[in-house]
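Engineer: starting from these lines, generate the structure:
(one chain, ligands or ions: 1)
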Amino acid sequence: MLTVSDLSFSYGAKQALDGVSFTARPGRFTALLGPNGAGKSTLYALLTRLFTTPTGQITVAGHDLAQAPRQALAAMGVVFQQPTLDLDLTIRQNLSYFAALHGLSGRDAAVRIDAALDRLAIRDRAGEKARALNGGHRRRTELARALIHRPKVLLCDEPTVGLDAQARAAITDHVHDLAEDGLTVLWATHLTDEVRPGDDLLLLHHGRLRAEGRTEELTGGQPLKDWFLSRTDVQVEAGT
Ligand SMILES: Nc1ncnc2c1ncn2[C@@H]1O[C@H](COP(=O)(O)OP(=O)(O)OP(=O)(O)O)[C@@H](O)[C@H]1O
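Structural biologist: Below you'll find the model as predicted:
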């Protein structure tokens, strides 16, 4: 479970988040939908403690991020918008390095790495350098890496940026499956076709949460893209 209470953040005079509160639950895919500049990346920077703010509270799997940052961060897996693989290492080496950072090595690490690679259907590529992979497989590798330490909460910040439609759909499907298996998922996007009717939806616009609930209940049968446009009044990519 991830809870955010009354979170605000400003860049000097520019308020990027204003009193944001929500809960993302285990077994649910929670989509954080917002146009460019809504405040999504700022929220992720606060969730991962790249930034801190004196206002508000963030709790990850019961651990207060400000009071118990080690436990809170250990309970989360993160896939950032910008790729962070070492392209000169193999997939397995990238994952081993990350496992070591979490204090995992030897047989335990190998078993977890194989399981994560299987989960994302990329174990057969494990010996290849990351540079040899296409964008979709690199992103899958990053997802596999984010799962090795068995986090309770998975944070994804626009993880499909730059991928073609097929790779985008594959990654989005994988992460929906992870949520169905019990993970708490928070998925930031500005692409409405990544959100399913049964997903939980948070609409962020100009730093404030404008809507929260099950997608199909919020939209009342209207196509999500139309609903989103009517509430944000901006042009967004359809993602198709
Ligand atoms: N370093 C900064 N200094 C000043 N303003 C900033 C800075 N970073 C972001 N902002 C502003 O804060 C607001 C929120 O930005 P943020 O990057 O969090 O939005 P976003 O929803 O992630 O957008 P995108 O999808 O384009 O990444 C925007 O108005 C942005 O211009």
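Engineer: who's in contact with His206?
Structural biologist: By C-beta atoms under 8 Å, 6 or more residues apart in numbering, the contact set of His206 is Asp18, Gly37, Ala38, Gly39. For every residue, glycine as well, the C-beta is placed using N, CA and C.
Engineer: of those residues, which are in range of the ligand?
Structural biologist: For the ligand, the contacts drawn from the contacts of His206 by C-beta under 6 Å from any ligand atom are Gly37, Ala38, Gly39.
Engineer: and the residue nearest the centre of the chain, how far from the ligand?
Structural biologist: With distances taken as C-alpha atoms, centre = their mean, the residue of the chain nearest its centroid is Cys156 (1.3 Å). Distance of Cys156 to the ligand, computed by C-beta to the nearest ligand atom, to the nearest Å: 13 Å.
Engineer: that residue touches Leu186, doesn't it?
Structural biologist: Yes: counting by C-beta atoms under 8 Å, Leu186 is a contact partner of Cys156 at 7.1 Å.
Engineer: re the thing from before, including pLDDT, secondary structure and neighbour count, could the ones next to the ligand among the contacts of His206 go into a markdown table?
Structural biologist: Formatted as a markdown table, the ones next to the ligand among the contacts of His206 follow (pLDDT from 0 to 100; DSSP: H, G, I helix; E, B strand; the rest coil; neighbours: other C-beta atoms under 10 Å):
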| residue | pLDDT | secondary structure | neighbour count |
| --- | --- | --- | --- |
| Gly37 | 93 | coil | 14 |
| Ala38 | 96 | coil | 25 |
| Gly39 | 96 | coil | 24 |
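Engineer: with respect to Lys225, which of those is nearest?
Structural biologist: Ala38 (15.9 Å; C-beta to C-beta).
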